[in-house]
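# sequence below, structure please.
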Amino acid sequence: MCICDFCDTEGGLEKKRRNTIRRAQKNNINIYEVKEIKDVREGYRILEEVYNHAKMPLANQNFFLAAFKSLNTKSL
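Got it, this is the predicted structure:
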């Protein structure tokens, strides 16, 4: 399911955000649902590269892991 379809049916995002997501998809940027801890770690690795390139600080990986665990009742 496209995240835009979910947002349209659930009313989860404002129009500007949905359009931004659609534009990203047209540029072959994919959005995936994070289902497992390994997905969080892979996403963090990608974020780390982007933030390092931009010379910006990034929260510790434990922050993202804790958020995933608290928001995902099926984790672990």
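# in the helix or strand where Lys69 lies, which residues are buried?
Assigned by DSSP states H and E, Lys69 falls within helix 61-71. Residues of helix 61-71 classed as buried by neighbour count (16 or more other C-beta atoms under 10 Å): 64, 68. Bear in mind the C-beta positions are built from the backbone N, C-alpha and C, glycine included.
# what segments of this structure are strands?
Using DSSP state E, no strands are found in the chain.
# scan this protein for its longest helix.
Scanning the chain for the longest helix, with DSSP state H as the assignment, gives helix 37-54.
# so the residue located most distally from the centre of the chain versus Leu47, what's the distance?
Distance from the centre of the chain peaks at Lys55, with 20.4 Å (C-alpha atoms, centre = their mean). Separation of Lys55 from Leu47 (C-beta to C-beta, to the nearest Å): 14 Å.
# do Lys35 as well
Taking C-beta to C-beta, one finds Lys35 at 18 Å from Leu47.
# what about the chain, any weak spots by pLDDT?
1-12, 74-76 (pLDDT under 70).
# let's see that with 50 instead.
Within the chain, the segments meeting pLDDT under 50 span 1, 75-76.
# quick one on the thing from earlier: what's the angle between the helix holding Lys69 and helix 37-54?
Orientation of helix 61-71 against helix 37-54 (axes from the mean of the first three to the mean of the last three C-alpha atoms, to 10 degrees) gives an angle of 140 degrees.
# then helix 61-71 to PDB, C-alphas only?
In PDB, the C-alpha atoms belonging to helix 61-71 read as follows (Å, rounded to 0.1, in the frame of the first residue of the first chain):
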ATOM      1  CA  GLN A  61      20.600   5.000  17.800                       C
ATOM      2  CA  ASN A  62      19.200   3.900  21.100                       C
ATOM      3  CA  PHE A  63      16.700   6.800  20.800                       C
ATOM      4  CA  PHE A  64      15.300   5.300  17.600                       C
ATOM      5  CA  LEU A  65      15.300   1.800  19.000                       C
ATOM      6  CA  ALA A  66      13.400   2.800  22.100                       C
ATOM      7  CA  ALA A  67      10.900   4.700  20.000                       C
ATOM      8  CA  PHE A  68      10.300   1.700  17.800                       C
ATOM      9  CA  LYS A  69       9.900  -0.600  20.800                       C
ATOM     10  CA  SER A  70       7.400   1.700  22.600                       C
ATOM     11  CA  LEU A  71       5.400   2.400  19.400                       C
END
